[in-house]
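[1] just need the structure, nothing else, for what follows:
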Amino acid sequence: MQTLCDLAYVTNGHERQKLDLYLPDAGNNLPLLIWVHGGAFRMGSKEGNENDPVPVHYVEQGYAVASLNYRLSQHAIWPAQIQDCKAAVRWLRAHAAEYRLDPNRFAAWGPSAGGHLVSMLGVTGQVAEYEVGEHLDFSSRVQCVVDYFGPTDFLQMDTQRLPDGMIHDTPDSPESQLVGGPIQENKTKTARANPVTYVSADAPPFLVVHGNQDPLVPYQQSVLLVNALIVAGVDVSFYTVIGAGHGRFTDPKLPELTQTFLAKHLKA
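    Got it, this is the predicted structure:
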């Protein structure tokens, strides 16, 4: 495996606007998994950790893997985060030949805040306001999305939370910090950060995974997205991890399910 670290996807950009790329030693026209880390929009990194590992084991299956950093909420408020993710996708397409990538086989995969951002990538392929910076003649579309327990409608999180779950309407919540003020006082801004706002029949296939005892991101957040995708006629698979909380899943079916989904949409 070849590992290329700290590739800047924005020229002379912020220190967070970089990615790591993991490539098999051989092969051309590689399908690409774009990993977007979690961390409540205010922490985490492309290097991953034991609870949020980069899926580099997919390189052994003939995939390339790109792991992105993006500006956190203390660096810039929404929509900087989705603009960064889109800039990274465009950069990867612009450099596809250099890194032996197939520009027509890109998947976006992420947990929690990363799940939110990959969902946004999936549903905003035609949203011009989020296309900012370089390589604008390249698409930021992805061919499929794997959303692990990402939030969607921040405004409903407190009505959906478990009795001992995290409170999201406070000014210091991750969601309020992301949009630059208390979410219930900034409903228009908050709606712009909701993937459901942009769902259309144009979206790529989705795999959505959520634990039904998640104390941080309520399970119903994924239900909202899945229902909207179904109504729009999008190919969506929804897997509930029974009894599970916020990630750290031990369900043996999940790795196989994810692998099968990615192979279907990237290797067919």
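[2] so for whichever strand or helix holds P255, what gets flagged as buried?
    Applying DSSP states H and E as the criterion places P255 in helix 253-266. Neighbour-count burial for helix 253-266 flags 257-258, 261-262, 265-266 (criterion: 16 or more other C-beta atoms under 10 Å). Backbone N, C-alpha and C define where each C-beta goes, glycine included.
[3] residue contacts, S139?
    With contact taken as C-beta atoms under 8 Å, 6 or more residues apart in numbering, S139 is in contact with 89-90, 93, 125.
[4] against D251, how distant is it?
    For S139, the distance to D251 equals 34 Å [C-beta to C-beta, to the nearest Å].
[5] give me the pLDDT for the residue nearest to the spatial centre of the chain.
    Nearest residue to the geometric centre of the chain (C-alpha atoms, centre = their mean): V118, 2.4 Å. For V118, the model assigns a pLDDT of 98.
[6] what does A268 give?
    Predicted confidence (pLDDT) at A268: the value is 69.
[7] go through the protein and flag its longest strand.
    strand 101-111 (DSSP state E).
[8] which element follows that strand toward the C-terminus?
    Sequence-wise, the next helix or strand downstream of strand 101-111 (DSSP H and E) is helix 113-123.
[9] one step back: determine the set of other helices and strands touching the helix holding P255.
    In this structure, helix 253-266 makes packing contacts with strand 30-36, strand 101-111, strand 144-148, strand 206-211, strand 236-241, judged by 3 or more C-beta pairs under 8 Å, 6 or more residues apart in numbering; DSSP states H and E.
[10] could you list the buried residues of the longest one?
    In this case it means strand 101-111. Buried, per 16+ other C-beta under 10 Å, within strand 101-111: 101, 103, 105-111.
[11] closest one to A228 out of those residues, please.
    A108 (17.6 Å; C-beta to C-beta).
[12] what about L224, helix or strand, and which?
    Counting by DSSP H and E, the element that carries L224 is helix 219-231.
[13] which residues touch that helix?
    The contact list for helix 219-231, computed with C-beta under 8 Å, 6+ apart, reads 119, 147, 149-153, 156-157, 160, 195-196, 199, 203, 206, 208-213, 236, 238, 240.
[14] just the buried residues of the residues you listed.
    The neighbour count (16+ other C-beta under 10 Å) marks 119, 147, 149-153, 156-157, 160, 195-196, 199, 203, 206, 208-212, 236, 238 as buried among these.
[15] what number of residues lie near the closest residue to I77 other than its chain neighbours?
    Of all residues not flanking I77 in the chain, G180 sits nearest, at 4.0 Å (C-beta to C-beta, 6 or more residues apart in numbering). G180: 13 surrounding residues under other C-beta atoms under 10 Å.
[16] ok, now how distant is G180 from N69?
    Counting by C-beta to C-beta, the gap from G180 to N69 is 21 Å.
[17] same check, this time on L178
    16 Å.
[18] then N212?
    Going from N212 to N69 by C-beta to C-beta gives 31 Å.
[19] equivalent analysis for K18, please.
    5 Å.
[20] ok so, going back, output the buried residues of helix 253-266 in a markdown table; the columns should cover distance to Y63.
    Converted to a markdown table, the buried residues of helix 253-266 look like this (distance: C-beta to C-beta, whole Å):
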| residue | distance to Y63 |
| --- | --- |
| L257 | 16 |
| T258 | 12 |
| F261 | 13 |
| L262 | 8 |
| H265 | 12 |
| L266 | 7 |
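[21] A97: which of those is nearest?
    Nearest to A97 among the buried residues of helix 253-266, with distances taken as C-beta to C-beta, is L266, at 18.2 Å.
[22] sweet, I'm off.
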